[in-house]
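> 3D model of this:
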Amino acid sequence: MQKWNSRDTLCVWAIFQGAILSLQAFIARRVVTPEGIRPAAILVEGERIKAVVSPEQIPAEGYKIRDFGGAAILPGLVDSHVHINDPGRAEWEGFETATRAAAAGGYTLLVDMPLNCLPATTTVAALEAKRAAARGKCRVDWAAWGGVVRDSENDIEALAAGVRGFKCFLINPGIDGFTMVTEQQLRAALPHVARTGLPLLVHAELPGPIDRATAALAGADWSRYSTYLQSRPDEAELTAMRLMLSLCREYGFRLHIVHLSTSHALDELRAARSEGLPVSVESCPHYLHLTAETIGDGATLSKCAPPIRSRDNCERLWQGLREGTIDLVVTDHSPCPPAMKRLAEGNFQTAWGGIASLSVALPLMWTEASRRGFTLLDLARWMAAEPARLASCDARKGRLAPGYDADFVVFDPDREFIVSEDRLHYRHPLSPYLGETLRGVVKATYLRGNPVFADGEFPGEAEGREYTANTNRQAARQRLSRS
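Take a look at the predicted model:
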C-alpha cells in the first residue's frame, strides 16, 4: 500500500479547499436571464454556471455569496467585430490594451477581425502568429475571424478549423496587407466558404458609387463632414447588399452584413429573411447614437466607413432593431495612433476611418435604448447572445444559464457619468464621446467566475484564453441548416 506523507495530505487539503472556494453565489435584484429579468442568484461551480435560482434557494453551506443589491447582472458581452491589430500593429492597439478596455466595458469575449494586423489572418501560419501574439496578454477571452482576399480560396478550408468564420471587403479597405475582392474573386472563394458552413462577414460597399460621388466632389472642402458623407452614398451599400444576397441565394452560404449604416437596406434584408436566406445583420453604437447633423466640421474622430448618416436614418435603424431585421450590435472598435486622425488639419478625406468604443459601448447603447423603451433584456440579446451565435460561441457564451461560462457584467443602469480619457482604457484615448453624459455604469466584469474589472481596477492576472470549442465543421453545418 502506498504511504501518504504530510506533503500529500497538504496537497489533497488544498485541492479540497479550492473546490469549496470555487462555489460562489452572485445575487442581484435584476438578473438578465434568457427567460426575463428577475431577482436571482447565479450559482457558480468552478468556471461554469451551475444554476440560476431564486435568492432563497442558495444552498445553506459551501457558497461564497456576493450580493450586488439593486445593480443588474447581464451575461458577459460578446463583441464579434473588433480590430485588435496584433501582431504587427500593436502600436495601434494590441491584445493587452484591447482586452483591458473590453473588461472595463463588460465584454468577456472579443472576436478579432483579420485585417490591420500583419500578417493578415488569411492563412494557418498567420493564425498561429496571432495566437503567439495573444499569449499571456488577454484579460478576456478571444477568437479570430479569417480573411477572404484575392487568390486566397485555397487557404479557406484549412483555416476553417481555427477561425469562427471569414471576412471580406467589396471595396479597398485602405490598409496594406488585406485586399478587396471582386465578384469574380468571390465566386472562386464561395464554394470553399459554403463547404465550411461558417459565415462570411462582408463589408458591403461597392466602389463604383463611391468613385463617382468622389469625382463629383473635386475641389470640395474636405474639412466639412457633409463632403465626406456625400462621398459615401447609400447606393454603395445598397448595390453591395444586393450583390451579396444574390450570391447567397446562388451558393447557399451564411451571409452576415457588417456595420449596417443605411436604413434604406432594411426592406430588402427583411424580404431576404422571409425568403429563407441565411442572412444576419449588425449595426454599431456610433450609427445608433451619433448623427450627421451633430458632427462638426473637422471632427474627424467621428469618421468611419460606411459613414454616420442622418438623424432620420438613425431612428429607422432603431426600428430595424425593434423589428429584428438588425440582429446584433457590435463596436467595430477600430483604433489608430492619434496622428492618423488628422486632428490638426481636420481633413475627412485623409483621416483614418474608425471609432474606438469598447469601454463605453454598453452605456452608449443603454443611453439610447432606455429612452426608446427597450430593456436590458434587449441589450443582452443584441450584445451577448446574438454575437455569440454568429461566432458559433453560443454553446458557452452569451447567456446566464446552466453549463455556460460564468461570464457576466455587473451594471448600474441608473447611474450617469461623463466620458473622460481615464475611463477609456484602450491604447490611445481618442473618442468622439469625450465630455458626453451617458447612462449606465459598469461596476464589475467577471470571466469564468473571476473578476477581471472591478470599480475601476483590473484585479488578477491576464487569464483570457482563445475560444476554441464548437468549431468543427459539422456543428457549423448544423447551424446553417437551422438558419
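> in the stretch 301-450 of the chain, which spans are strands?
Secondary structure of the stretch 301-450 of the chain (DSSP state E, counting those that start in this stretch): strands at 328-329, 408-418, 437-447, 450-454.
> For the third one, C-alpha coordinates in CSV please.
Provided in CSV are the C-alpha atoms of strand 437-447 (Å, rounded to 0.1, in the frame of the first residue of the first chain):
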residue,chain,number,x,y,z
THR,A,437,-23.0,62.3,-20.2
LEU,A,438,-24.0,58.7,-20.5
ARG,A,439,-26.4,56.5,-18.6
GLY,A,440,-25.2,53.2,-17.0
VAL,A,441,-22.0,52.3,-15.3
VAL,A,442,-20.1,49.0,-15.5
LYS,A,443,-19.2,48.2,-11.9
ALA,A,444,-17.5,44.8,-12.4
THR,A,445,-16.9,42.2,-15.1
TYR,A,446,-16.4,38.5,-14.3
LEU,A,447,-14.7,36.0,-16.6
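> Output the strands of the stretch 301-450 of the chain as TSV; include the columns mean pLDDT and distance to Arg309.
C-beta coordinates here come from the backbone N, C-alpha and C atoms, glycine included. Output for the strands of the stretch 301-450 of the chain, formatted as TSV (pLDDT from 0 to 100; distance: least, Cβ to Cβ, whole Å):
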stretch	mean pLDDT	distance to Arg309
strand 328-329	98	16
strand 408-418	98	27
strand 437-447	98	22
strand 450-454	98	33
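> Let's have the ones you listed in CSV, adding mean neighbour count and distance to Leu290.
Shown next, in CSV, are the strands of the stretch 301-450 of the chain (neighbours: other Cβ atoms under 10 Å; distance: least, Cβ to Cβ, whole Å):
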stretch, mean neighbour count, distance to Leu290
strand 328-329, 26, 14
strand 408-418, 19, 17
strand 437-447, 22, 13
strand 450-454, 21, 26
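> Out of these, which gets nearest to Ser310?
Taking Cβ to Cβ, strand 328-329 is the member of the strands of the stretch 301-450 of the chain nearest to Ser310, at 19.3 Å.
> Sheet-wise, list the partners of the closest one with their directions.
strand 279-283 (parallel) (DSSP bridges).
> What's the first helix or strand after the partner strand?
The helix or strand immediately downstream of strand 279-283 is helix 285-289, counting by DSSP states H and E.
> Tell me the secondary structure of the residue nearest to the spatial centre of the chain, please.
Nearest to the geometric centre of the chain sits Asp79, at 1.7 Å (Cα atoms, centre = their mean). Following DSSP: H, G, I helix; E, B strand; the rest coil, the label given to Asp79 is strand.
> ditto for Lys50
Following three-state DSSP, the label given to Lys50 is strand.
> Redo the strands of the stretch 301-450 of the chain as JSON lines? Include distance to Leu301.
Shown next, in JSON lines, are the strands of the stretch 301-450 of the chain (distance: least, Cβ to Cβ, whole Å):
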{"stretch": "strand 328-329", "distance to Leu301": "20"}
{"stretch": "strand 408-418", "distance to Leu301": "17"}
{"stretch": "strand 437-447", "distance to Leu301": "16"}
{"stretch": "strand 450-454", "distance to Leu301": "25"}
